[in-house]
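S.K.: can't give you the sequence, but here's the structure:
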């Protein structure tokens, strides 16, 4: 292998890591930011890196599947199994926080353990994916082995599981930390920033994967070198994340103020719902309403995960199979398409005071439904140009549904929608349920389902699935969440315009 085949990707990852460190350093200076905000920012940066790793393999997942003698469905599981690991990591972190409630003070050590899982998974995956291509023809559409390599395929899935496990630890820890470090009215805004970091990671992942292959100076059809360059980017991203967390993640003091304890009184859930004028029957009804609200939000989370992960997996397959795009181009355009989250987030930040949070969720969901119409074949002309229309639909659907879901998740984390610590509806439990629904169901099943829809029914079958699920998402919000959200006009206006304001909390 020529030095050029690995020097370009290594330089690209080094430059990317330095840039991200400089950006994070500017946002986490102790003289300008509180310890709480620094912790949240570094956690978001870690989630960003982890989701870069999640989608970085996306442009070459189909080629990897062909190399082990399997097809599109397996390539979908190769993407989605990462989220199964996220679910398992979330469950483990939930169990730790349940048995050791003060463990969130050791967030820095937990973050480094999570990064060790990410690095181990990346190294295992890349060592296998670069070795299985030996002996296969060098072509852009390689000949599959006569007998599927099931053992190798299983180890690839396990490596993705290990990588996702580390991500799941931080997904659970980061959002539970928000309930401890920030007051109730600040949490929707913080949750939106959390989701924005994930969106950015998902968008930049395919871009880095394809850019690494381009910088390897490959000739057309150099399958082995393409997977090698992708492997360098994968491992390099995990190394960069570990370095950033080790340097910038602060040690939380044991005597830090716990915002959750100040807002939600300790004791049985029914006690926190009673006032001098409330009866036990009224408290039971209030608790029931909270349960319905939480269940509704969790179903919405699962639907969002299913739609978004299906979109990620289906777009690359459609561009390659239906519109005859080159694989190295696909990763770049998908990454740029997903970066549409930047103007959408900027638009929300500038106009968020104009509408209530519930109204913003409606607007974002309605726009996502409009975006699904561009996924149908009648909207996409034949040839390569049809791929641009498909990408435009993705650019509308991806950020609007993601941001709207982030706002709805933030509503669930507000004090008036939570029960005291130790109950089944406290912050730690809700984030566990969210991890199970999003990662364990939505994001695990979304990629293989989308690719199987394309295999069996074509582009329109996949597009109708996305349209139907987006409509169901809006209906569930209107019927289950919107009528039960406890947010008066004054608090909603202050929350949208001044999320940092210290307002009186609901009890």
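M.R.: That came through, no problem. Bear in mind that the values here come from a model prediction, so they are computed numbers and not experimental data. Residues are numbered from 1 along each chain as shown.
S.K.: tell me the first helix or strand C-terminal of the stretch of helix or strand residue 388 belongs to.
M.R.: In the assignment (DSSP states H and E), residue 388 maps to helix 385-412. Going down the chain from helix 385-412, the next helix or strand is helix 427-435, by DSSP H and E.
S.K.: outside of that following helix, which residues touch it?
M.R.: 86-87, 90-91, 94, 97-98, 168, 171-172, 175-176, 179, 260, 294, 297-298, 301, 409, 412-413, 418, 421, 423 (CB atoms under 8 Å, 6 or more residues apart in numbering). The C-beta positions use only the backbone N, C-alpha and C, and glycine is treated the same way.
S.K.: rerun that using 6 Å as the cut-off
M.R.: 87, 90, 94, 97, 171-172, 175-176, 179, 298, 301, 412, 418 (CB atoms under 6 Å, 6 or more residues apart in numbering).
S.K.: which of the residues you listed sits closest to residue 148?
M.R.: The closest of the contacts of helix 427-435 to residue 148 turns out to be residue 87 (CB to CB; 26.5 Å).
S.K.: let me see the contact set for that closest one.
M.R.: Applying CB under 6 Å, 6+ apart, the residues near residue 87 are 435, 436, 439, 440.
S.K.: let me know the secondary structure of residue 29.
M.R.: Put simply, residue 29 is coil when judged by DSSP: H, G, I helix; E, B strand; the rest coil.
S.K.: okay, it: pLDDT?
M.R.: Looking at residue 29, its pLDDT is 75.
S.K.: for it, give me phi and psi.
M.R.: Dihedral pair for residue 29: phi -80, psi 130, per degrees, to the nearest 10.
S.K.: gap between it and residue 37?
M.R.: Plainly put, residue 29 is 11 Å away from residue 37 if you go by CB to CB, to the nearest Å.
S.K.: neighbour-wise, which of the two wins?
M.R.: residue 37 (17 against 9; other CB atoms under 10 Å).
S.K.: who's in contact with the helix or strand hosting that one?
M.R.: Counting by DSSP H and E, the element that carries residue 37 is helix 35-56. With contact meaning CB under 6 Å, 6+ apart, helix 35-56 is reached by 24, 27-28, 82, 167, 170, 174, 181, 194, 197-198, 200-202, 204-206, 208-209, 234, 237, 241, 245, 248-250.
S.K.: filter these to the buried ones?
M.R.: If you count burial by 16 or more other CB atoms under 10 Å, the buried members of those come out as 24, 27-28, 82, 167, 170, 174, 181, 194, 197-198, 200-202, 204-206, 208-209, 234, 237, 241, 245, 248-249.
S.K.: ok, residue 125 - contacts?
M.R.: residue 159.
S.K.: the longest helix seen in the chain vs helix 385-412, what angle?
M.R.: Secondary structure assigned by DSSP state H gives helix 280-321 as the longest helix of the chain. Per axes from the mean of the first three to the mean of the last three CA atoms, to 10 degrees, the angle that helix 280-321 makes with helix 385-412 is 160 degrees.
S.K.: low-confidence ranges, the stretch 51-200 of the chain, go.
M.R.: 133-146 (pLDDT under 70).
S.K.: which residue is nearest the middle of this structure?
M.R.: residue 198 (4.5 Å; CA atoms, centre = their mean).
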